[in-house]
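J.: A structural model of the following input is requested.
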Amino acid sequence: MLSASKFKDQVFQFLKKNTGQIKFTPVIFRNTEFQGWAIIIILNIILAFLLTPDTHFSRLEYKAGSIATRDVRADRDFLVEDRTSIEQKRFEVIKDIQYVYDYDSDVPVQIRANLTKAFTMIAQSYSQEASVKSSLSTTQRFFRQSKKTFEEALGITLTDDEFNILNKYRFTPSLSEKISRLIASIYHSESITNVTFLKQDIDNGIIIRDIKTQKEKDEKNLDLIRHISNLDSLIRERVSVVLSEDGQDMKRLAIMLARKLIQPNLTFNKNASERRKQTALKDVKPVFYQVQKDEMIVREGQKIAIIDMDKLDAYSKIKGETGFSTLSIFPGMFLMITTLIVVLYFLAKSWLRSDRRVHDVLFLSITALLQIILVKTGIFMSEAINRAFPFLSHEVCFYAIPFAVGAILVGILINQNIALLFSIFTSVVIAFLFDSKIHITLFAFIGSVFASYQVVQCKKRSAFLRIGLFLGLVNCGTILFISLIHGDIATLGTLFKFIMGITGGIISGIIIAGITPIFENLFDYTTDIKLLELANLNQPIFQQMIMEAPGTYHHSIVVASLVEAAAEAIGANSLLAKVSAYYHDIGKVKKPLYFIENQRNGENKHDRLSPKMSSLIIITHVKEGFELAGKIKLGRQIMNIIREHHGTSLVSYFYEKSKKDRDHSIRSLPESDFRYPGPKPQCREAGLVLLGDVIEASCRTLSNPTPSRIKNLVRDRIERVFMDGQLDECELTLRDLNKIGESFNRILNGIFHHRIDYPEPAI
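T.: The predicted model follows:
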């Protein structure tokens, strides 16, 4: 039985033996189309995130009197409840309210009943006590008990002297009747209350509601209502009338009891009054004032006042209410950007090289993100400038934002057609950062289109400043049009906009000058500026060619002249064609003497080699040239042309030589062993270099290069290349081939023209 360690070792050896050549990366991930769409989706997610407004679900944690830790600016219009105005309106409403008082006409009746009951109880107690012979202590106890019973029955408190006066009259019914008549006379014409009326009650009057009938009366004259603490004069007046025949002791007793027994018959109804107040307050409409979008609610370091808290509370509420709906913005933004990109991608697909498509899509994605970041940074800087210089509004500062940087960069590194589509994309996306400011979107689009097409003339580094100035002028023109539309041309703000437009153009030129070399190296693009630098024949590789492969150097110079003229004739990139021709044979410096143009003294190293080996050496110069171009950083375009400049053509000399060899194994070699590995030329410039290389080498075989012979040779070689299918993938048309042939004839006739034989000087 195998141990665990031995089993593990055997499994490892089996996997190593059987899976060594397996690539675990799924095929779909190695597909360039999939990679391109993956990049686009990632771009969409990031852009949607950048363009989606901030979402808040919680209240801003501030209190009145605290210090704001950051600027809070409104991202939309919203209304704030004006609490000061509302309180003022509430006060005005409450000030006019009439409060409710309850009138109870049964108060004197209830007092009379209680008084009669109390007197009867005490009178009965006295009758019972009189029939029993009691001691002094018992009498005293009876006195205290009677006093307590009397007080509880009436709900009042009496002193011993006051109770003795009542006791003196033996609590007779006539005494109760006299006191009841006195109290009834006081209630007869008077409303009595224990409430001190406020000025509002005096001014507005009160509502008196009868408890029995529930009828209400509006009472304006409150002088008719007596306060319970001001009844002494009225009681004395009524005593002198009701008890006119009684003595002073009786009158004093009646006054004393009346003071204690009289209760208010007009009381304040708090609940009813509050209901009336709330009903009136319901009619008070809220008062709002508007905070506009981009208005500063509170600044960093500012002490928060009550009015600031009102704004912050309203802003937090509206952000909280729209927080969840804001989440829908992200998928909506993502789908919108996806749709736009899909449409523009299929429009741009024909303008992108298939072998560079993933690189181009990645470059365009990063450039789009860079453009959006530049715009958002510009918006942030505009706010900072506005804070520092309040006379410069946000919108004025917006015109200094470098909107065209991305389009210019795309125009320089890819082409103007892609730059136009890129301008459309960024302008639409940027519109979401400026809400309804459509003029900003038009400003960005017009500047981007004009500047991207101007870079056609970009042949040196100083051209970036020229592009910036040109863009500044275009910006000023656009600002002029926008100002005319808005009707504010003759304002100081328009002057500042012109200044900002020129500033934005110059800033764009400076940024482009700084980032172009970075993107050029990162994404392996070759600009005209780099091509001009590479066209310098003092490069070390050319010095090496002059010393070690002079024939190849001369051949490259002639081919460069041929393809430059031909490229101009058909509208191809003449600079790229010329520079590529300079470098197309640099691989020959590895083994220069194996190429006929570099051989001296008639010695041919191929005489000692088999046809297959000779063919291999000749073919290898393409691979070695491609590798050497990578080492000296010529750029992907030139490297591709070096690799494609022979296509899959046949090394016919050594192939024919192999067919004549005496060795059967050599004669049976397939034609594919003598063909270049390719690929075939993928662009017009590569096709031109292939034709120029073939025709220049063929012209060297002409013993008498007359114009007719050159013309026939050029036509014949172009036809052979065409019939061999080497130009199938480079978009050269028959019309282009005719123009190329005419151009080659003109250049070659100039090179091989006849010269006058000058006589030798006499010795």
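J.: quick one: which helix or strand includes Pro677?
T.: In this structure, Pro677 sits in neither a helix nor a strand according to DSSP states H and E.
J.: didn't it look like it was pressed against Thr620?
T.: No: the pair Pro677 and Thr620 does not pass the contact test of C-beta atoms under 8 Å, sitting 9.9 Å apart. Every C-beta, even on glycine, is put in place using the N, C-alpha and C of the backbone.
J.: counting neighbours, go ahead and name the busier of these two.
T.: Thr620 (17 against 13; other C-beta atoms under 10 Å).
J.: which residues touch that one?
T.: Gly587, Lys590, Lys591 (C-beta atoms under 8 Å, 6 or more residues apart in numbering).
J.: Thr367: how many residues sit nearby?
T.: 23.
J.: now do the same contact list for it.
T.: Applying C-beta under 8 Å, 6+ apart, the residues contacting Thr367 are Gly406, Leu409, Val410, Phe422, Phe519.
J.: so the third one is in which element?
T.: The reference is to Val410. Per DSSP H and E, Val410 falls inside helix 405-413.
J.: that older thread, identify the farthest-apart pair in the contacts of Thr367.
T.: Farthest pair in those (C-beta to C-beta) is Phe422 and Phe519. Separation: 13.5 Å.
J.: of those two, who's got more company?
T.: More crowded of Phe422 and Phe519, by other C-beta under 10 Å: Phe422, with 26 against 20.
J.: Asp218 sits in which helix or strand?
T.: Using DSSP H and E, Asp218 falls in strand 216-219.
J.: next, the buried residues of that strand.
T.: Within strand 216-219, the residues scored as buried using 16 or more other C-beta atoms under 10 Å are Glu219.
J.: what of stretch 196-213?
T.: Buried residues in stretch 196-213, counted by 16+ other C-beta under 10 Å: Phe197, Asp201, Asn204, Gly205, Ile206, Ile207, Ile208, Arg209.
J.: what is the burial count for the residue nearest to the third one when sequence neighbours are not counted?
T.: Okay, so that is Asn204. What sits nearest to Asn204 in space, not counting adjacent residues and going by C-beta to C-beta, 6 or more residues apart in numbering, is Gln98, at 5.1 Å. The number of residues packed near Gln98 is 19, by other C-beta under 10 Å.
J.: repeat that for Thr172.
T.: Neighbour count of Thr172, defined by other C-beta under 10 Å: 12.
J.: same question, Thr377
T.: 12.
J.: quick check, pLDDT for it.
T.: On the pLDDT scale, Thr377 is placed at 91.
J.: mind telling me what element it is part of?
T.: According to DSSP H and E, Thr377 maps onto helix 357-388.
J.: which positions within whichever helix or strand comes after that helix qualify as buried?
T.: Next helix or strand after helix 357-388 toward the C-terminus (DSSP H and E): helix 394-398. Using 16+ other C-beta under 10 Å as the test for burial, helix 394-398 gives Glu395, Val396, Cys397, Phe398.
J.: which one among the residues you listed gets closest to Phe143?
T.: Glu395 (97.9 Å).
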